[in-house]
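Trainee: Build me a model:
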Amino acid sequence: MGIREENGGKAPRELIEGLLELNSTDRDALVELYNSTGGPTWFNDDRWLETDSNANEYALGSWYGVQTDLSERVEGIALPNNNLEGTIPVSLGDLDRLKALDLAHNKIQGEIPAALGNLNILFTLYLSRNELTGQIPASLGELRRMYALLLDQNELSGSIPPELGMASALIYLWLAENDLTGEIPAELGLLPDLSHLLLNDNELSGEIPEELGSLLAATRLELQRNDLTGEIPGELGDLENLVTMDLGLNDLSGEIPDEFGSLTNLEMLDLGGNLLTGDIPETFEQLEALKFLHLGGNAFAGDPASYVSRLTNLNIERLYLDNNQLSGNVPVQFGSLALSLTRLYLNENQLTGNIPPALGGSLPRLERLQLHDNQLTGVIPDELGQLAFLDRLRLDTNQLTGEIPEELGDLERLEVLYLNENQLSGSIPEALGGLHNLERLHLYDNALTGSIPAGLGELGDQSALTELRLQNNQLSGAIPAELGDLVSLRELNIGNNSLDSAIPTALGSLANLEELLLNNNGLTGAIPAELGDLAALDELDLSHNQLDQAIPSDLGDLALLRTLHLNNNALSGAIPTELGSLANLVTLHLDSNQLTGVIPTELGQLTNLEELVLDSNMLESTIPAELANLTNLEVLYLSGNTITGCIPQGLSDIADNDLDQLSLEECT
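Mentor: Numbers count the residues shown, from 1 in each chain. Sure, this is the predicted structure:
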């Protein structure tokens, strides 16, 4: 018989009063949450603290993000990404019917209240992506029904409480991207149902506890980017359900455990950026699910072919062996691995010999090939042009010789082509202009000759290319006006060549250009006024050419400019006063020209200036007193002009100056 039946169909007064009191407690906690997190500025606060047309408060269950049970007790709060800013009130610990609390993706600050450990039936606690500080409360270990604790991407500090090992229902424990220190508690190995353990991007130290090998339900173990040391426990090989293991970017040493061969469900293994030695265990032949293997940035040595031979029956898609101490030749035998491989990184080793032409025909799915920073010799094989899916090719910083193959122009998907810092010769193939997806082309520091092909103006379909770096070669002729069509270009560096034409006015159309370096050539004519339209420009270097006529006043419109080098030319006329408008300028070199007139007082407005070099011109001027305002100035050269008057006080204290050559007294 129910309560109402026992009391003539009416609930006892005590029960009703109790429910009202509990509802009032719930409401008070919600009101405090609203007030402590800037409720009026939430993106959505529908019905919070509002009344209807009859001045009656809305039921709690109708408040945005609040769920209640049949008795109007609060059992869920979901306010993610809702612009909450402030602190979590302690009173939330009074919501004894609460099952789910989601305040993730907000701007909540302060500490996590220990009182949340009173929420005995809480299933999920989501506080990710806030600005929480302080320690993780040990009381959260009392939440025996909680299966998801997500505290990642905050500013939490201190050690991980061992008491979390008592939260026996945990399936998801995300503590990544905080400032946690200390060792990983061995007690975490007591969580029988734990599937995700994410402790990455902290400052954890010590060894990986072997007890983590007891997490038999684990599918995801991420400990990367910490300060962990010691050897990798072989017990982790017992985690047969593991799909992802990332231990990268720590200080782990020793060899890869043979027991890892038991991880038959493993798809991703990242051990990169440690101090590991030895070889790939023979047991890796059993890892049939493995798709991603990162062993880069360790101390593996020997022939890379021996490493690859342990993997030839697998279907790995991404293989990283970069930044080790591998020596010998580039492998050519990949077995079935050849049919699955999409990324092969062997860069930053000690590889020698030629690039095998067979790579072009044996790796049909390859998207990224990185062989840079080795000691490879010989020519670039034409066969690499057969890698139809390639989007990144890095052969830079080797000792390659010969010409750039025309066939590379067939790589229609290519986005990055780095051939710089080799000994390549010959001309730049016109066919490269057909690379319509190219974003970055680096050919600098070679011995390339001939002219710059006008077809490069078609690179990236005129919209994708952001970097074109051809400096330090032997290129000659004119700068193609077609380069002005590369509307997304941010860096154009063709300095230190033998170019001998005028600067095309079309370069003034490169609205996104941040660096324009044409120095150390034989460029002639005037500086185009159109360069003043390069609103995004940070650095302009036209030094060491044969440019003449006046400096365009339009350069004073380059509001973001930090570096201006026009020195060692034949520029004439006055220094434009408009240069005093370059508020962000740090370096101004106008020396070794034929400039006349006075030093503009407006240069005293350049308060960020660190280097002012005007020597070896034909200036006839006093030193403006306004230059004393340049409190950041570290270099000041004025000699080789006709400077009269006195030296403003303070300028003689500049660390690097030539004022003693002026034979002037300091102003009084």
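
Trainee: Okay, strands next: where are they in the stretch 451-600 of the chain?
Mentor: Using DSSP state E, counting those that start in this stretch, the strands of the stretch 451-600 of the chain run over 467-469, 476-477, 491-493, 498-499, 515-517, 524-525, 539-541, 546-550, 563-565, 570-574, 587-589, 594-596.

Trainee: Can I get these in CSV including distance to Leu103?
Mentor: C-beta here means a position set from N, CA and C on the backbone, and glycine is covered the same way. CSV is the format used below for these (distance: least, CB to CB, whole Å):
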stretch, distance to Leu103
strand 467-469, 42
strand 476-477, 64
strand 491-493, 43
strand 498-499, 60
strand 515-517, 44
strand 524-525, 64
strand 539-541, 45
strand 546-550, 61
strand 563-565, 46
strand 570-574, 62
strand 587-589, 48
strand 594-596, 63
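
Trainee: do you know which of those lies nearest Gly650?
Mentor: strand 587-589 (18.5 Å; CB to CB).

Trainee: what are the pairing partners of that closest one, and which direction each?
Mentor: In the sheet, strand 587-589 lines up against strand 563-565 (parallel), strand 611-613 (parallel) (DSSP bridges).

Trainee: quick one: Ala388 and Glu412 touch, right?
Mentor: Yes - applying CB atoms under 8 Å as the test, Ala388 and Glu412 come out as touching, 7.5 Å apart.

Trainee: sorry, back to before: of the strands of the stretch 451-600 of the chain, which approaches Tyr307 most closely?
Mentor: Proximity to Tyr307 (CB to CB) singles out strand 467-469 among those, at 32.7 Å.

Trainee: what helices or strands is the closest one leaning on?
Mentor: Packing partners of strand 467-469 (3 or more CB pairs under 8 Å, 6 or more residues apart in numbering; DSSP states H and E): strand 440-442, strand 491-493.

Trainee: so what does the last one touch, helix or strand wise?
Mentor: In terms of contacts (3+ CB pairs under 8 Å, 6+ apart), strand 491-493 is packed against strand 467-469, strand 515-517.

Trainee: now the helices for the protein?
Mentor: 3-6, 13-36, 304-309, 337-340, 359-362 (DSSP state H).

Trainee: Where does pLDDT dip in the chain?
Mentor: 1-22 (pLDDT under 70).

Trainee: Could you check how far stretch 46-53 is from the centre of its chain?
Mentor: The chain centroid and the centroid of stretch 46-53 are separated by 45 Å under CA atoms, centre = their mean, to the nearest Å.

Trainee: Which residues outside it are in contact with it?
Mentor: Stretch 46-53 is contacted from outside by Leu30, Val31, Tyr34, Gly39, Trp42, Glu57, Tyr58, Ser62, Trp63, Tyr64, using CB atoms under 8 Å, 6 or more residues apart in numbering.

Trainee: Which residue is the nearest non-sequential neighbour of the fourth one?
Mentor: If I follow you right, that is Gly39. Excluding its sequence neighbours, the residue lying closest to Gly39 (CB to CB, 6 or more residues apart in numbering) is Asp45, at 5.4 Å.

Trainee: Quick one: neighbours of Leu339, just the number.
Mentor: 12 (other CB atoms under 10 Å).

Trainee: ok, so what distance separates it from Ala358?
Mentor: Leu339 sits 14 Å away from Ala358, going by CB to CB, to the nearest Å.

Trainee: now swap in Glu514 and tell me
Mentor: With distances taken as CB to CB, Glu514 is found 41 Å from Ala358.

Trainee: just Pro576 next, same as before
Mentor: Taking CB to CB, one finds Pro576 at 60 Å from Ala358.

Trainee: correct me, but Ala167 touches Ala138?
Mentor: No - between Ala167 and Ala138 there is no contact under CB under 8 Å: 10.8 Å.

Trainee: Same drill for those two, tell me which one is more crowded.
Mentor: Neighbours of Ala167 and Ala138, each counted by other CB under 10 Å, are more numerous for Ala167; the result is 23 against 15.

Trainee: ok, that one - contacts?
Mentor: Leu140, Gly141, Glu142, Leu143, Arg144, Met146, Leu149, Leu191.

Trainee: 6 Å instead?
Mentor: Listed by CB atoms under 6 Å, 6 or more residues apart in numbering, the contact partners of Ala167 are Gly141, Leu143, Met146.

Trainee: before we move on, the earlier item: got JSON lines for the helices and strands packed on strand 467-469, with distance to Asp227 and mean neighbour count too?
Mentor: Putting the helices and strands packed on strand 467-469 into JSON lines (distance: least, CB to CB, whole Å; neighbours: other CB atoms under 10 Å) gives the following:
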{"stretch": "strand 440-442", "distance to Asp227": "34", "mean neighbour count": "21"}
{"stretch": "strand 491-493", "distance to Asp227": "36", "mean neighbour count": "21"}
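
Trainee: Now tabulate those strands in a markdown table and tack on distance to Leu49.
Mentor: Supplementary listing: the helices and strands packed on strand 467-469 in a markdown table, determined by distance: least, CB to CB, whole Å:
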| stretch | distance to Leu49 |
| --- | --- |
| strand 440-442 | 54 |
| strand 491-493 | 54 |
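
Trainee: Which one, of these, ends up nearest to Glu210?
Mentor: Glu210 sits nearest to strand 440-442 of all the helices and strands packed on strand 467-469, at 45.2 Å, using CB to CB.

Trainee: Distance from the chain centre to that closest one, please.
Mentor: Taking mean C-alpha positions (CA atoms, centre = their mean), strand 440-442 and its chain are 19 Å apart.

Trainee: tell me what that strand is packed against?
Mentor: Here strand 440-442 touches strand 416-418, strand 467-469, going by 3 or more CB pairs under 6 Å, 6 or more residues apart in numbering; DSSP states H and E.

Trainee: Figure out which of the ones you listed is closest to Gly117.
Mentor: When the helices and strands packed on strand 440-442 are compared by CB to CB, strand 416-418 sits nearest Gly117, at 50.9 Å.

Trainee: what does the closest one contact?
Mentor: Residues contacting strand 416-418 (CB under 6 Å, 6+ apart): Arg392, Leu393, Arg394, Asp396, Arg440, Leu441, His442.

Trainee: Okay, and the beta partners of the closest residue to the fifth one other than its chain neighbours?
Mentor: Closest residue to Arg440 apart from its sequence neighbours, by CB to CB, 6+ apart: Glu467 at 4.2 Å. Counting by DSSP bridges, Glu467 forms beta bridges with Arg440, Glu491.

Trainee: Test my guess that Glu467 contacts Leu489.
Mentor: No - look at Glu467 against Leu489 with CB atoms under 6 Å: they stay out of range, at 7.6 Å.

Trainee: Buried among the contacts of Ala167? Make that a PyMOL selection.
Mentor: Per 16 or more other CB atoms under 10 Å, the buried members of the contacts of Ala167 correspond to this PyMOL selection:
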select buried, resi 141+143+146
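
Trainee: Which single one of the contacts of Ala167 is nearest to Asp251?
Mentor: Gly141 (29.0 Å).

Trainee: In space, what's closest to the closest one - neighbours in sequence excluded?
Mentor: Glu163 (3.1 Å).

Trainee: That neighbour: neighbouring residues, count only.
Mentor: By other CB under 10 Å, 17 other residues sit near Glu163.

Trainee: Check Val613 too.
Mentor: Residues near Val613, counting by other CB under 10 Å, number 19.

Trainee: ok, now which ones touch it?
Mentor: Listed by CB under 6 Å, 6+ apart, the contact set of Val613 reads His589, Asp591, Tyr637.

Trainee: Specify the beta-bridge partners of Gly254.
Mentor: Leu276.
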